[in-house]
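Trainee: The sequence and its predicted three-dimensional model are supplied below.
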Amino acid sequence: MFKYWIRKNIIFNLMTFFSFIIFCFFMSHIFFGNRSVWKIFELNHQINVAKQELIILSNKKNYTLSEIELLRDDNLDPDIISEIVQNSLGLIHSDQIVIEITK
């Protein structure tokens with residue numbers, strides 16, 4: 001009877017131990033695996049950063065498109081041409097004031 005009780009106790013302890021090991025394994029995968037909670041927060045942060053970069057790039061695109069529109073032959077603006085020439089050739093002097101007007 002005593003041997004049966006010891007054997008039963010050992011089996012119960014081994015089952016508890018292996019259950020704990022399996023529980024730890026799955027918990028580590030939940031928090032630190034490839035599809036874990038930590039990765040979800042990290043990916044959401046990367047998505048937010050990418051959205052901010054997209055907004056900045058789309059604003060730059062719109063600004064460039066408006067400058068291109070001002071340089072077309074049917075809509076030629078002499079002020080923008082003189083500004084581009086002065087910036088690219090370094091003809092802006094220290095006593096001149098350049099005011100950028102964005103649309």
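Mentor: Cool, the structure landed. Numbering: from 1, shown residues only.
Trainee: Pass me the low-pLDDT residue ranges in this protein, would you?
Mentor: Within the chain, the stretches with pLDDT under 70 are 1-2, 92-93, 103.
Trainee: Just the helices from it, written as ranges.
Mentor: 2-32, 37-70, 78-89 (DSSP state H).
Trainee: list the buried ones in the last one?
Mentor: Okay, so that is helix 78-89. Of all the residues in helix 78-89, those buried under the rule 16 or more other Cβ atoms under 10 Å are E83. C-beta here means a position set from N, CA and C on the backbone, and glycine is covered the same way.
Trainee: how about TSV for the helices of the chain, with distance to I99 added?
Mentor: Output for the helices of the chain, formatted as TSV (distance: least, Cβ to Cβ, whole Å):
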stretch	distance to I99
helix 2-32	55
helix 37-70	16
helix 78-89	10
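Trainee: and of these, who's closest to I101?
Mentor: helix 78-89 (9.7 Å; Cβ to Cβ).
Trainee: neighbouring contacts of the closest one?
Mentor: E67, L70, L71, L91, I92, V98 (Cβ atoms under 8 Å, 6 or more residues apart in numbering).
Trainee: Tell me how many other residues crowd H29.
Mentor: Around H29 there are 12 other residues, counting by other Cβ atoms under 10 Å.
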